[in-house]
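**Q** What follows is a predicted structure for the sequence shown.
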Amino acid sequence: MDDYRALADDLAADIAAGRLPPGERLPPLRRFARDRGIAGSTAARVYRELGRRGLTVGEVGRGTFVRAAAPAAEPALAEPGGARVDLELNFPVLPGHPALLAKSLGHLLRPDALAGALRPVGATGTAVARRTAAAHLARGDWAPDPGQLLFAGNGRQALAAAIAALVPAGERLGVEALTYPVVKGIAARLGVTLVPLAMDEHGLTPEALRSAPPLRAVYLQPALHNPLGRTMPARRRTELAAVLRELDLHAIEDAIYGFLRDDLSPLAALVPERTVVVDSLSKRLAPGLSLGFLTVPEGSAPDFAAALRTGTWTAAGFALDAATRWMADGTAAAAEAEKRGDAAARQRLAAERLAGFRVQADPQAYHCWWELPDPWRADTFVAAAARRGIAVTPSGAFAVGPAHAPNAVRLALASPPVDVLAEALDVLAGLARREPEDTGAE
């Protein structure tokens, strides 16, 4: 029945004509259904259709609102934007790091070394690369087995290979209710259904795994969760490890930001036979000099290597050689140590400039989660920040379903110079202290 589309068309026309202005709250579903004389299920389809067209946004506990700005043409967090101050994407490249990295590349300029680097490499790389990477990725009391280490072109490709190897098309992958947006895109392209799992202040809850429909795997971020910035305490990690064994379930552990908390062991230290660890050099060194890593359970390397080859996600020889040198001679470790200090300093700056607001993050994360004050909504705040040349990310980019989008934004702190970051945070704090109605006339 197409009646719901006609009703959606009527509302869309009202939005286009300004009769339903940006930020306007639509009636609750029951009232809308009663006023229009339609079934509740039809009303729900109307609201879903408006959301599908990008005309409205739903927020947990608050209702459905007309969007304050048109949705971006590109998926959130997909590519660098044109904003003057980018607090949407984390590109941590510190001053002096290009020169630091360049020092180790001299050997690749020799014709004989370059000839070797130009040859194709497989998912397993070389024995030297595996040993070097295993030693470098170790943290806490965990050290990966070099024999279970595979290489991808970058972290996103490693993640795609992990999902492809564990979750057949048409099957389910459990994810935290707020998750890394790229996972949503990967799952859609692989034909994998995402199942949002409940979280609390400590992260993914064990009961959410137990009560979920049958899953083939679960994707999670125990350390410096993106976007929430939380780090899962040891007790919760132990509980989740037990549930993974109980349910005979694999976990894909995203450790991309784990180097910022090198004192913490990954979940894989507790349940190595059930955990695939995904990591990369994109945040550790630079996004343009990336290499992805997969540490897989014993005996499963051939399956994951096949997924990397099938997806053409294996690493390039030049990147593998360069990264192996950076990890072997201490260059990568030095860069990462500086970034740990930089991330902590930026968090302190954010805490200072956003004092009085509800902001949460691990003190060493490169991002923070800001629960906006009333009457601001994520959608209108992002639009108002954009008018001031500042790009931030609304909660909806991370929500697996509209019902899981709280009234919050994520701030990525790594990309701007520190003085620019401080100024941008001051602007955002001033904006949040005002009424949304006061922002449109500037």
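**A** Everything's here; your move.
**Q** how many neighbours does residue 265 have?
**A** 20 (other Cβ atoms under 10 Å). C-beta: built from backbone N, CA, C; applies to glycine.
**Q** again, but for residue 368
**A** By other Cβ under 10 Å, 24 other residues sit near residue 368.
**Q** Any stretches of the stretch 101-250 of the chain with poor pLDDT?
**A** The model of the stretch 101-250 of the chain has pLDDT under 70 over residues 108-109, 112-118.
**Q** swap the cut-off to 90 and go again
**A** 101-122 (pLDDT under 90).
**Q** Show me where it has its strands.
**A** Here the stretch 101-250 of the chain has its strands, by DSSP state E, counting those that start in this stretch, at 149-152, 172-176, 193-197, 199-200, 203-204, 217-220, 250-254.
**Q** Return the set of buried residues in the first one.
**A** Of the residues in strand 149-152, those with enough neighbours to count as buried (16 or more other Cβ atoms under 10 Å) are 149, 150, 151, 152.
**Q** Any idea what the last one is bridged to?
**A** Put plainly, it is residue 152. On the basis of DSSP bridges, residue 152 is bridged to residue 292, residue 314.
**Q** Provide a list of residues in contact with it.
**A** By Cβ atoms under 8 Å, 6 or more residues apart in numbering, residue 152 lies in contact with 123, 158, 161, 280, 291, 292, 293, 294, 308, 313, 314, 315.
**Q** repeat for the first one
**A** If you count contacts by Cβ under 8 Å, 6+ apart, residue 149 has them with 124, 125, 130, 133, 134, 137, 293, 294, 295, 296.
**Q** That one and residue 237: what is the separation?
**A** Counting by Cβ to Cβ, to the nearest Å, the gap from residue 149 to residue 237 is 22 Å.
**Q** next one: residue 178
**A** Going from residue 178 to residue 237 by Cβ to Cβ gives 19 Å.
**Q** out of these two, which sits in the busier spot?
**A** Using other Cβ under 10 Å as the criterion, residue 178 and residue 237 rank with residue 178 on top: 25 against 22.
**Q** Wait, the more buried one touches residue 221, no?
**A** No - taking Cβ atoms under 8 Å as the definition, residue 178 is not a contact partner of residue 221, at 9.9 Å.
**Q** can you count the residues close to residue 358?
**A** The local packing of residue 358 (other Cβ under 10 Å) involves 11 other residues.
**Q** Is it correct that it is in contact with residue 374?
**A** No - look at residue 358 against residue 374 with Cβ under 8 Å: they stay out of range, at 11.2 Å.
**Q** and for those two, which residues touch both?
**A** Counting by Cβ under 8 Å, 6+ apart, nothing touches both residue 358 and residue 374.
**Q** Quick one: neighbours of residue 423, just the number.
**A** For residue 423, the count of nearby residues is 15 (other Cβ under 10 Å).
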